[in-house]
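1. here you go, sequence then predicted model.
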Amino acid sequence: MPSPRSPMAAPRSFQWTRRVFLTLLTAFVLLPVYVMVSSSLKPLADVTSGFHWLPSGLTLRPYIDIWSTVPLARYFVNSLVVAGAATVCSVVIAVFAAYAVSRYDFRGKRVFTVTVLSTQMFPGILFLLPLFLLYVNIGNTTGIALFGSRGGLILTYLTFSLPFSIWMLIGYFDSVPRDLDEAALVDGCGPLRALFRVVVPAAVPGIVAVAVYAFMTAWGEVLFASVMTNDTTRTLAVGLQGYSTLNDVYWNQIMAASLVVSVPVVAGFLLLQRYLVAGLTAGAVK
Amino acid sequence: MAATVARATGGRAPHDGPPAGPAAGAARRPGRVRRVGLPYLLLLPALLLELLVHLVPMVIGTVMSFKELTQFFIRDWGAAPWSGLDNYTVAVDFDGPVGADLLHSFLITVAFTVLSVGLCWALGTAAAICMQDTFRGRGLLRALFLVPYALPVYAAVITWVFMFQHDNGLVNHVLHDQLGLTDKPSFWLIGDNAFVALLTVSVWKGWPFAFLIVMAGLQNIPRELYEAAALDGAGVWQQIRRITLPSLRPVNQVLVLVLFLWTFNDFNTPYVLFGKSAPASADLISVHIYQESFATWNFGRGSAMSVLLLLFLLVVTGVHLAVTSRGRRVRTRA
């Protein structure tokens, strides 16, 4: 397989620079990961007495204790429900919107794309306060509990990933040849059937990429989670702070809990990162 | 890429629809008529949600900024008295304590954003270029590099909090105990060092995104360019300077803007790193406004500050877009 760059072998200077740079970068990237993993396996005395590169003894105790120190399982379920629902809704809505922009000419198209994209620019803090009041007031007048509920959080999070998802999918759908869905339309498919039978299957990498992005966005959000949840609906983002507000800081448990909450997203991300790069290449970066 | 797409659709599409018969020609006309409203219908869910969560709150926020909205009016914010431009004059009165703090926070945020975006971009671009050629372990390294981006913010940042601990953190252990670079263990999360700590975490967390985007951008550079340059005798360094970097310019323009907006608005990193009150040296604007609003329950003033922040970001984005689109026009003409 030919290399993407020159057919000539790279000169020594470049090879050495590359080797040194990539080694240092790897160390920088992995240092916290090592701290997280190794500290999560240490007894409490080991993490409070000073930093040690190697644990004096390995223990799985922190992984058992994390579930009882704070109601981690409940936070976990909350995060799973909120992030999962937000992802599904966001992807479906983004597919519809991107299909409309990619395949139809209509009045207000440009206004729509510019408006949606510009919401990415808003500082979260600007609409946190009004949204807080809006949700409280909607609850007071209609009885629909948005503030403090999972529903309100799902609604909020899905709009966070929506602009980027729509933008990326427009690019992706544009790269799917129009002839394919035109042919389906001629065959008598309705536009929605053409979308789901032809365009969506052809855009699977882009859709997967968008779903990964949406899930990560919802799973990692802190600001709105800290204001808009209560004891029963608290997500991991806020719940994890429970280990450090106590008198003793259980660093080994914090690290174990951090690892546990990271595994689903990191594993999913690494499995699907191929699609993300492919999706970005076809969609966002053109 | 193209191959996967072709495989995913090829052969399937023609068989899916009902058999083409006399209906096919007739189905086309009513389809056209329905199409007029269809795009709007498809956009409706996205539009409604954006309105509910972003645009309406933004309008409300702007209205709030002209009100004296304190804790007494939270239940019924419409009843709060109008206060004209009072919230704004307090916020931009840089001689007063509120305005002075806001200005300080703004300047810190600008410095932090410029440094963080610059470093993220440089690291991401350098790593992407280093990994342009295939070599053994490239796939693994690429996956490793994306880990900071994939980790949930709070899990990653809390690990850094542990590393920056005064007594039992890794950073002091290495710098003081092992290398002896400091006289005594330093405090990283309070005082002036907090800025360095924040920058480190932000770059660690942010550079993989630049890496990801630049990597995607590199795949769109035609290989013939490199081959032609190699035939002309250009070495690797020259190829990077003459082909890779100029070809990346359009990608970089978008990337830098997105990184700038995300970093400037970042709340999660400082909030998890420092808790509710950030040290003065790392008092980023988002946390500052949050603190100003929720500590004093003065939502009117917080909203005025948010509006000012948005105006600033609008101006920066507008100037950026104007400059880059003019640059593009000049280049295509030349």
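-> Everything's here; your move. In this text the structure is predicted, and so the values were computed from the model without any measurement.

2. where does the prediction get shaky in the chain?
-> Since no chain was named, I'll use chain A. Scanning chain A for pLDDT under 70 picks out A:1-9, A:245-247, A:282-286.

3. the chain in question should be chain B.
-> Ranges of chain B meeting pLDDT under 70: B:1-36, B:74-75, B:327-334.

4. most centrally placed residue in it?
-> For chain B, the residue sitting closest to the mean C-alpha position, by Cα atoms, centre = their mean, is B:W262 at 2.4 Å.

5. any idea whether that one is helix, strand or coil?
-> helix (DSSP: H, G, I helix; E, B strand; the rest coil).

6. the closest residue to it other than its chain neighbours: neighbour count?
-> Leaving aside its chain neighbours, B:W262 sits nearest to B:G206 (7.7 Å; criterion: Cβ to Cβ, 6 or more residues apart in numbering or on different chains). C-betas here are computed from N, CA, C, even on glycine. B:G206 sits with 24 neighbouring residues when counted by other Cβ atoms under 10 Å in any protein chain shown.

7. how much space separates B:G206 from B:S306?
-> Taking Cβ to Cβ, to the nearest Å as the measure, B:G206 falls 23 Å from B:S306.

8. before we move on, what about B:T125?
-> 33 Å.

9. of the two, who's got more company?
-> Legend: neighbour count by other Cβ under 10 Å for B:T125 and B:S306, higher for B:S306 (32 against 25).

10. how much space between the closest residue in space to the more buried one that isn't next to it in sequence and B:L259?
-> Take B:S306 and drop its neighbours on the chain: the residue closest to it by Cβ to Cβ, 6+ apart is A:L126, 3.8 Å away. Noted for A:L126: a distance of 19 Å to B:L259, by Cβ to Cβ.

11. who has more neighbours out of those two?
-> A:L126 (27 against 23).

12. in contact with the more buried one, which residues?
-> B:P57, B:M58, B:G61, B:S303, B:S306, B:V307, B:L309, B:L310 (Cβ atoms under 8 Å, 6 or more residues apart in numbering or on different chains).

13. could you redo the last one with a cut-off of 7 Å?
-> Applying Cβ atoms under 7 Å, 6 or more residues apart in numbering or on different chains, we find A:L126 in contact with B:M58, B:G61, B:S306, B:L309, B:L310.

14. tell me which of these fall in helices.
-> B:M58, B:G61, B:S306, B:L309, B:L310 (DSSP state H).

15. what's the burial count for the one residue in chain A that gets nearest to chain B?
-> Residue of chain A nearest chain B, by Cβ to the nearest Cβ: A:D187 (3.0 Å). A:D187 has 23 neighbouring residues, counting by other Cβ under 10 Å.

16. and it, backbone torsions?
-> phi -70, psi 0 (degrees, to the nearest 10).

17. circling back: who wins for most neighbours among the contacts of A:L126?
-> These, ranked by neighbours (other Cβ under 10 Å): first place B:S306, 32 neighbours.

18. thinking that residue is in contact with B:I60, fair?
-> No: the pair B:S306 / B:I60 is not scored as a contact, 11.4 Å apart, by Cβ atoms under 7 Å.

19. if we can go back for a sec, helix or strand: which one has the residue nearest to B:S306?
-> Take DSSP states H and E as the rule and A:L126 turns out to sit in helix A:124-142.

20. residues of that helix that come out buried?
-> A:124-139 (16 or more other Cβ atoms under 10 Å in any protein chain shown).

21. ok, stretch B:86-100 next?
-> B:D86, B:N87, B:Y88, B:V90, B:A91, B:V92, B:V98, B:G99.

22. residues contacting whichever strand or helix holds the fifth one, please?
-> Pointing back at B:A91 there. Assigned by DSSP H and E, B:A91 falls within helix B:86-92. Residues from elsewhere that reach helix B:86-92 (Cβ under 7 Å, 6+ apart): B:S65, B:G96, B:V98, B:G99, B:L102, B:G300, B:R301, B:A304, B:M305, B:L308.

23. same check, this time on stretch A:82-99
-> So stretch A:82-99 is contacted by A:150, A:153-154, A:157-158, A:161-162, A:165-166, A:169-170, A:173, A:195, A:199-200, A:207, A:210-211, A:214-215, A:218-219, A:235, B:42-43, B:45-46, B:49 (Cβ under 7 Å, 6+ apart).

24. going through these, which ones are buried?
-> A:150, A:153-154, A:157-158, A:161-162, A:165-166, A:169-170, A:173, A:195, A:199-200, A:207, A:210-211, A:214-215, A:218-219, A:235, B:42-43, B:45-46, B:49.

25. what does stretch A:165-172 contact?
-> A:90-91, A:94-95, A:97-98, A:101-102, A:116-117, A:203, A:206, A:209-210, A:213-214, A:279, A:282-284, A:286, B:46.

26. now, the most widely separated pair of the contacts of A:L126?
-> Maximum pairwise distance in those, criterion Cβ to Cβ, is 12.0 Å, between B:M58 and B:L309.

27. hang on, the earlier thing: buried ones in the following helix or strand past the helix holding B:A91?
-> With elements assigned by DSSP H and E, the helix or strand that comes after helix B:86-92 is helix B:97-130. For helix B:97-130, a neighbour-count test (16+ other Cβ under 10 Å) marks B:98-99, B:101-102, B:105-106, B:108-109, B:112-113, B:116-117, B:119-121, B:123-130 as buried.

28. any chance you could map the strands in chain A?
-> Here chain A has no strands by DSSP state E.

29. spatially central residue for it, please.
-> A:M216 (1.3 Å).

30. state the distance from that residue to B:L273.
-> If you go by Cβ to Cβ, the gap between A:M216 and B:L273 works out to 20 Å.

31. now A:A278
-> For A:A278 relative to B:L273 (Cβ to Cβ), the value is 34 Å.

32. who has more neighbours out of those two?
-> Set side by side, A:A278 and B:L273 show more neighbours around B:L273, with 24 against 21, by other Cβ under 10 Å.

33. export the helix or strand where the more buried one lies to CSV, keeping only CA atoms.
-> Element membership for B:L273, per DSSP H and E: helix B:268-274. Only the C-alpha atoms of helix B:268-274 are listed here, as CSV (Å, rounded to 0.1, in the frame of the first residue of the first chain):
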residue,chain,number,x,y,z
ASN,B,268,-17.0,22.5,32.7
THR,B,269,-13.3,22.4,33.0
PRO,B,270,-12.8,25.3,35.5
TYR,B,271,-15.9,24.3,37.4
VAL,B,272,-14.7,20.8,38.1
LEU,B,273,-11.1,21.9,38.6
PHE,B,274,-11.8,24.7,41.1
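
34. the helix or strand just after it and chain A, are they touching?
-> As assigned by DSSP H and E, the chain's next helix or strand after helix B:268-274 is helix B:285-296. Yes: using Cβ under 7 Å from any Cβ of the partner chain, helix B:285-296 reaches chain A at B:S286, B:I289, B:Y290, B:S293.

35. right, I'll leave it there.
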